[in-house]
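**Q** Provided below are the primary sequence and the corresponding predicted coordinates.
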Amino acid sequence: MHKAVLKYHPNAYLEHKRNVTKGLRARTEILGVIEKLKNEEGGARKDELTIKAVSSAAAISYASSLHHLRLLEEEKIVKREGKRPYKWKITGEGQKSLADIGIEWELGKK
């Protein structure tokens with residue numbers, strides 16, 4: 001029997017905290033929403049990258065979203081800009097997936 005392999009965003013893993021499954025899932029959702037809103041046609045509207053918008057799009061509570069965004073901010077993966085309500089932005093630092101750096105990886109090939 002094979003165990004299901006869960007795929008997490010490369011930047012969801014934190015260097016200075018324990019990476020438990022619930023946290024990895026939440027950070028993966030949050031980073032996915034920020035990337036999606038940023039990459040939509042015409043760019044993100046000013047109000048789309050607030051915690052309120054991100055938490056509702058990711059279906060995570062406001063408090064949990066704030067907690068995980070602050071953890072990601074400590075690791076310099078995201079940063080907040082402007083005045084309240086802050087707009088969150090991915091910095092581009094952190095781990096990269098193999099696809100992000102242009103390397104194709106297939107298991108079983110020699």
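**A** Now that the structure is in, tell me what you want to look at. As the structure is a computational prediction, the values presented were derived from the model and not from experiment.

**Q** pLDDT of stretch 52-59, averaged?
**A** Averaging pLDDT along stretch 52-59 gives 94.

**Q** got a list of contacts for it?
**A** Here stretch 52-59 makes contact (Cβ atoms under 8 Å, 6 or more residues apart in numbering) with 26, 29-30, 32-34, 36-37, 47, 61-62, 64-66, 69, 85, 88. Yep, even glycine has a C-beta here, placed from its N, CA and C like the rest.

**Q** same deal with stretch 83-97?
**A** Contacts with stretch 83-97, where a contact means Cβ under 8 Å, 6+ apart, come from 10-11, 13, 31, 34-35, 38, 46-47, 49-52, 54, 69, 75-81.

**Q** rewinding a little: filter the contacts of stretch 52-59 down to the buried ones, PyMOL style.
**A** To isolate the buried members of the contacts of stretch 52-59 in PyMOL, using 16 or more other Cβ atoms under 10 Å:
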select buried, resi 26+29+30+33+34+37+65+69+88
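
**Q** Among the contacts of stretch 52-59, which lie within helices?
**A** 26, 29-30, 32-34, 36-37, 62, 64-66, 69 (DSSP state H).
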